[in-house]
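Predicted coordinates and the sequence they were generated for:
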Amino acid sequence: MYTTNESINRIMKDTIKLEKIAQSGKYARVFEVTTEHGKFETPVFMPVGTTGSIKSLSFRDIDELGARIILANTYHLFLKPGIDIVKEHGGINHFMNYNSTILTDSGGFQIMSLSKNLKIEKDGVWFRSYLNGDRFFISPELSIDYQIGIGSDIIMAFDHPSFISDTFEEAKYKKEHTKDWLMKSFDEFKKKASYQNIFGIVQGGNYEQLRKESLDDIQNMPVNGIAIGGEAIGYDKNQTIQTLDWIKDYIDPNRLHYTMGVGDIDDIFEVVSRGIDMFDCVSPTRIARKGTAIVSFENGGNKTNRFRKDITKSIYLKSFDKIDPWCDCFTCRNYSIGYICHLFRSHELLAYNLLSIHNLRMMTKLMEEIRESIKLNTFEELKAKWMNY
RNA sequence: CCGAAGGUGGCAGAGCGGUUUAUGCGCUGGUCUGUAAAACCAGUUUAUGUAGGUUCGACUCCUACCCUUCGGA
């Protein structure tokens, strides 16, 4: 297997620092990561702020939850407000007034999620703005330019994700496409990046051979991190585990590992125990806006949905409890379930803010506990405690 | 008391002399995983102020009564 220490050091020297703090079992580990915009420890859950905003939260909220790395999305920022506007504001950190690390997705995911409005070619993708129908072209080079313009600390290569339903041939085509686009992404990155870092993305669908080949494609390049992507990752728990089991013994342990779109509490334990360091998911903030709270094992629930509680149900109007006894967030310190239930049923805007704070704090607190357990070498026990509940 | 308008499912609010019938909100349940998502899907009430009349058939037309709102005494 290709060893990359020298090449990583060459690329990572001044832009990202990785210090390994601990290991628990064969795969779970803790890194301290330093970027242009500060430090964070892994394994880390990264809240998603697609358009330059974690919906309904200000930087005060984000800082208080302990989120030290968040996402933004190149495709969405490109359409609105436009990359130049972000640049004129001094980059995404200044624009948002958020002082910690920001990772941008390349827009590759939108090739899947907006697939009906796209024309995919060898060199890039034609798409129509969902806002006004304007036609645009995006390529690996442009995606990297845009991300450098946005000024994120971690740039994702422009990839071609596979669908769950892809045949071997389709997944193979997208895997090759992803490799080609990574090389183009990397060339552009090398030319223009300053403090940024770049991650490549493993594709290959639900096929062991393709995943392993794609892993090689990615880690043969001197990228700072290796992401695992595709529709199945995150979305399909069993396939996510399967994919990681295929590659976990081959993935370069000296680089950061990122599963894109993971996940729920269950999923996080599964991926961390397979050596994943980073993951993001819209679920905590999205379900918050729908009135679903993330709850801990202490709070009960049924087997299939034991980490969620729909607090819009009328029975909760009479609850004086906080959402979760384990949680220490602003919301749980100050408000009852009954009040938040009322806010949702009255469509009060405060509901979205309070429940988003709670759900994200549940995730960041869980991650703090996970990192602590890895440092104490008790990760497997912690996992069992949550998973076997 | 006089004049005007009107009374439709939990609420708001269309429609028409005759297959099924608005629609919205609410309520109940479900979905949610690199955010076109404070979204979406499904279910829920088989409603026509009361009493008569006309008609093969009335929520729809006619009569009386009751009630509501707005004017005027």
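Right, received. Where do you want to start?

Run through the residues that contact the residue lying closest to A:Gly338 once chain neighbours are set aside.
In space, and not counting its chain neighbours, A:Gly338 is closest to A:Ser319: 4.7 Å by CB to CB, 6 or more residues apart in numbering. C-beta here means a position set from N, CA and C on the backbone, and glycine is covered the same way. Applying CB atoms under 8 Å, 6 or more residues apart in numbering, we find A:Ser319 in contact with A:336-338, A:341.

and A:Ser319, backbone torsions?
Backbone geometry at A:Ser319, expressed as degrees, to the nearest 10, gives phi -90, psi 130.

Based on its surroundings, how many neighbours for A:Asp61?
Using other CB atoms under 10 Å, A:Asp61 has 20 neighbouring residues.

what helix or strand does it sit in?
Element membership for A:Asp61, per DSSP states H and E: helix A:59-65.

Next secondary structure element downstream of that helix?
Per DSSP H and E, the helix or strand that comes after helix A:59-65 is strand A:69-73.

Which other helices and strands does the following helix or strand past that next one contact?
Proceeding N to C from strand A:69-73, the next assigned helix or strand is helix A:74-79, under DSSP H and E. Under the contact criterion of 3 or more CB pairs under 8 Å, 6 or more residues apart in numbering; DSSP states H and E, helix A:74-79 touches strand A:101-105, strand A:135-138, helix A:140-150.

Could you see whether RNA strand B lies near the helix holding A:Asp61?
No: Helix A:59-65 lies apart from RNA strand B when judged by CB under 7 Å from any atom of the strand; the minimum separation is 12.2 Å.

how far out from the middle of the chain is that helix?
18 Å (CA atoms, centre = their mean, to the nearest Å).

What are the buried residues along it?
For helix A:59-65, the neighbour count (16 or more other CB atoms under 10 Å) marks A:59, A:61-62, A:64-65 as buried.

okay, those in CSV with pLDDT and distance to A:Thr50 next?
Formatted as CSV, these follow (pLDDT from 0 to 100; distance: CB to CB, whole Å):
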residue, pLDDT, distance to A:Thr50
A:Phe59, 97, 16
A:Asp61, 98, 16
A:Ile62, 98, 14
A:Glu64, 97, 21
A:Leu65, 96, 17
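
Name the nearest residue to the spatially most central residue of chain A, ignoring sequence neighbours.
Central residue of chain A (CA atoms, centre = their mean): A:Asp280, 2.1 Å from the mean position. Using CB to CB, 6+ apart and skipping residues adjacent in sequence, the residue nearest A:Asp280 is A:Met46, 4.0 Å away.

For that neighbour, give me phi and psi.
Per-residue torsions, A:Met46: phi -110, psi 110 (degrees, to the nearest 10).

all helices for the stretch 151-300 of chain A, in order.
Along the stretch 151-300 of chain A, counting by DSSP state H, counting those that start in this stretch, helices occupy A:168-192, A:208-219, A:232-235, A:237-247, A:265-272, A:283-289.

Would you convert those into JSON lines that also reports mean neighbour count and mean pLDDT?
Below are these laid out as JSON lines (neighbours: other CB atoms under 10 Å; pLDDT from 0 to 100):
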{"stretch": "helix A:168-192", "mean neighbour count": "19", "mean pLDDT": "97"}
{"stretch": "helix A:208-219", "mean neighbour count": "21", "mean pLDDT": "98"}
{"stretch": "helix A:232-235", "mean neighbour count": "22", "mean pLDDT": "95"}
{"stretch": "helix A:237-247", "mean neighbour count": "18", "mean pLDDT": "97"}
{"stretch": "helix A:265-272", "mean neighbour count": "23", "mean pLDDT": "96"}
{"stretch": "helix A:283-289", "mean neighbour count": "21", "mean pLDDT": "97"}
